[in-house]
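In: Got a sequence here, can you build the structure:
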Amino acid sequence: MDSRNFAKVRVWDAPVRIVHWALVLLFAFQVYSGNTGGNVMLWHAYAGYAILSLVLFRIAWGFVGSTHARFAEFLAGPVGAARFARKLFSREPAVYAGHNPVGGWMVVALLLSLALQAGTGLFANDDIATEGPLAVLVSKALSDRLTTIHRWNAVVLIVLVSLHIAAVFFHWVVKKENLVGAMFTGVKDLPPEVARRVAVAPLASNWRALALLAAALAIVYMVINRPF
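Out: As a prediction, this is how the structure comes out:
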């Protein structure tokens, strides 16, 4: 398909893009701080709270956000995902306005793994000076088990992130799709027939996003501080 005939269409709303890059930066910091330890672990905890807030927001946004942010729009069944996977290594462009069927499930896997990592971190301990704010609510044995899950899931997350980066690079080199640029600008180059369908898909209100983010932050704050 001749890319010169493609139309530029806004696909990704600002909340999706901001949360995506915020999670990228926070995850990089968590890898660094988790391996450094010491005084930086206080900031490791704060970054974990931020990740949990953003994951809660992104899950909610997956139901009430803009069209291409919604799970219902980009999650395909096993047959659809397998059909796309069979064509993945061809040079034929993968023409999807939002996430493709495999990429959609990668988004879910990353969100679930991030949620597990942040959630177990609330109960974890390092047997020295650092423990999660909810560690006092469980036995030491359970805290230790959750700490083990926290450590192993960190490896799972690194694998998932590495696969995600490899897939983005693959689409750039083989499929000639600049997915990174689209996640910065929100704009994708699409064939005219796809662009016409996307152009009528409205973007959700940023005020709705701010309200959901405030709710996510409030939930995490109450979980951590247990004010009642």
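In: For this protein, which helix or strand comes out least confident on mean pLDDT?
Out: The helix or strand of the chain with the lowest confidence, counting by mean pLDDT, DSSP states H and E, is helix 192-199 at a mean of 73.
In: Contacts for it next, please.
Out: Here helix 192-199 makes contact (CB atoms under 8 Å, 6 or more residues apart in numbering) with Asn5, Phe6, Ala7, Val9, Val11, His68, Val95, Ala97, Leu190. Backbone N, C-alpha and C define where each C-beta goes, glycine included.
In: and the nearest residue to the third one once chain neighbours are set aside, how far is that from Val11?
Out: Yep, that's Ala7 we're talking about. Using CB to CB, 6 or more residues apart in numbering and skipping residues adjacent in sequence, the residue nearest Ala7 is Ala195, 3.9 Å away. As for Ala195, its distance to Val11 is 10 Å (criterion: CB to CB, to the nearest Å).
In: neighbour-wise, which of these two wins?
Out: Set side by side, Ala195 and Val11 show more neighbours around Val11, with 25 against 18, by other CB atoms under 10 Å.
In: right, and that one touches Phe74 too?
Out: No: contact criterion CB atoms under 8 Å: Val11 and Phe74 do not qualify, at 10.9 Å.
In: shared neighbours of these two, which are they?
Out: Common neighbours of Val11 and Phe74 (criterion: CB under 8 Å, 6+ apart): His68, Gly98.
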